[in-house]
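1. okay, sequence plus prediction incoming.
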Amino acid sequence: MVNLKAGRQPKTRIQVEYFGSYNMPPGCVACGNPVTPHQYEVGNSSWNNKQHVWLKFPICDECNQANKASISANRMGCLGGILLALVGGGFGSFVNSLLTNDLGWLPLLCAFLGFMAGMWLARGMSKSSSTPEMRAAAARLAGSVRMAGFKLPPLFGKGWIKLDFANPDYASQFMMMNGGKIVRF
Ligand SMILES: [Zn+2]
């Protein structure tokens, strides 16, 4: 039940009433395969960054593996960047100490270049350890659902959440189980 139409851009926008929790369709939000206890989190923040809403969608094992690999690729990239920034900064300071004119910006420049190089190298290395299928699955998962906006319920009244789904079938299943309406296709 792989949905090939699910591209990077979510298309079906639905609006449901704001609840504490939602009934989730039985299939993986990204590919429709049977789900595992693993979840994919989407969220949004209010304009002033004071309110945050997170929703967890069940996903299958394959999508979870791909998601974990892409998260660790990003983490590795940061780590590599920081490491080479330290090396670059140290190298810049060392070169600067050999110079007769003090170039205060040299260590900073070297640290920056080190950071960029380290990030690039580490990301490349951890990416090459994942298969093209995993990268495609991670991209599909990243595009499968997005929270377009929300309004927390006021003291007397109702709030709402708007969700964008790449898979129209999943969107209508979600709506059937939780009420709500289609905002646009
Ligand atoms: Zn899946």
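-> Looks like it arrived, so ask away. Model, not experiment: these values are computed from the prediction.
2. what average pLDDT does the longest helix belonging to the chain get?
-> Using DSSP state H to define each element, the chain has its longest helix at helix 61-98. Mean pLDDT, helix 61-98: 90.
3. tell me the helices and strands packed up against the helix or strand following it.
-> Sequence order places helix 105-128 as the next helix or strand after helix 61-98, per DSSP states H and E. Applying 3 or more Cβ pairs under 8 Å, 6 or more residues apart in numbering; DSSP states H and E, we find helix 105-128 packed against helix 61-98. Glycine gets a C-beta too; all of them are placed from N, C-alpha and C.
4. stretch 134-150 close to the ion?
-> No - for stretch 134-150, no contact with the ion is found by Cβ under 5 Å from the ion; the gap never falls below 6.9 Å.
5. what comes up buried for stretch 167-184?
-> 167-171, 173-175, 178, 180 (16 or more other Cβ atoms under 10 Å).
6. likewise stretch 157-167?
-> Buried residues in stretch 157-167, counted by 16+ other Cβ under 10 Å: 161-167.
7. check stretch 51-69 too.
-> Using 16+ other Cβ under 10 Å as the burial criterion, the residues of stretch 51-69 that qualify are 53, 55, 57-60, 62-67, 69.
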